[in-house]
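>>> Just the structure for this:
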Amino acid sequence: MGRIVVRESERDFVSVDWGRRKILIDPQSAESKHVRVSITEYAPGYAHEMHRHPNQEEVIFVIDGEGISRTQEGDMPITAGAFVFIPVDTDHATINVSRDRPMKAVIMKSPPAEGRKE
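Purely as a prediction, here's the structure:
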């Protein structure tokens, strides 16, 4: 398989507990074997509970809005242009601090947790 080009406008958002998400690249659609890329809009005021991915690294790239990245090391403010790297098996949470607008981020996970849509 060669290069593919995916435009955000070609994918639809689906509702999730924390807002809405669209998956851009995913092994379940045969586009990738080693990474999942999605765009997430965290709902206003939404806060993930602390959680971990035992076998995945995660990168969060904030493209709009503002929030907090929380780990055991403490809270770090994040705004558009911020990259957050979450190592394997690290407790973390992402919080949208705005009460009236979503925080939008590109989420990349590797490997991409085959068999479930997280």
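>>> what residues does stretch 69-84 touch?
When contacts are taken as CB atoms under 8 Å, 6 or more residues apart in numbering, the neighbours of stretch 69-84 outside the stretch itself are 50, 59-68, 86, 90-95. (C-beta placed from N, C-alpha, C; glycine too.)
>>> Pull out the buried residues from it.
For stretch 69-84, a neighbour-count test (16 or more other CB atoms under 10 Å) marks 69, 70, 78, 82, 84 as buried.
>>> closest to residue 113 among those residues?
Distance ranking of these against residue 113, using CB to CB, places residue 84 first at 18.3 Å.
>>> Tell me the secondary structure at that closest one.
For residue 84, the secondary structure call by DSSP: H, G, I helix; E, B strand; the rest coil comes out as strand.
>>> Nearest the geometric middle of the chain, what residue?
For the chain, the residue sitting closest to the mean C-alpha position, by CA atoms, centre = their mean, is residue 107 at 3.0 Å.
>>> For the closest residue to residue 11 other than its chain neighbours, list the residues it contacts.
The shortest distance from residue 11 to any residue other than its chain neighbours is 4.3 Å, reached at residue 22 (CB to CB, 6 or more residues apart in numbering). By CB under 8 Å, 6+ apart, the contact list for residue 22 reads 8, 11, 12, 13, 14, 38, 39.
>>> Kindly recompute the last result at 10 Å.
8, 9, 10, 11, 12, 13, 14, 37, 38, 39, 40, 41 (CB atoms under 10 Å, 6 or more residues apart in numbering).
>>> which element is it on?
Following DSSP states H and E, the helix or strand that holds residue 22 is strand 19-25.
>>> What are the buried residues along that strand?
Of the residues in strand 19-25, 19, 20, 21, 22, 23, 24, 25 count as buried by neighbour count, 16+ other CB under 10 Å.
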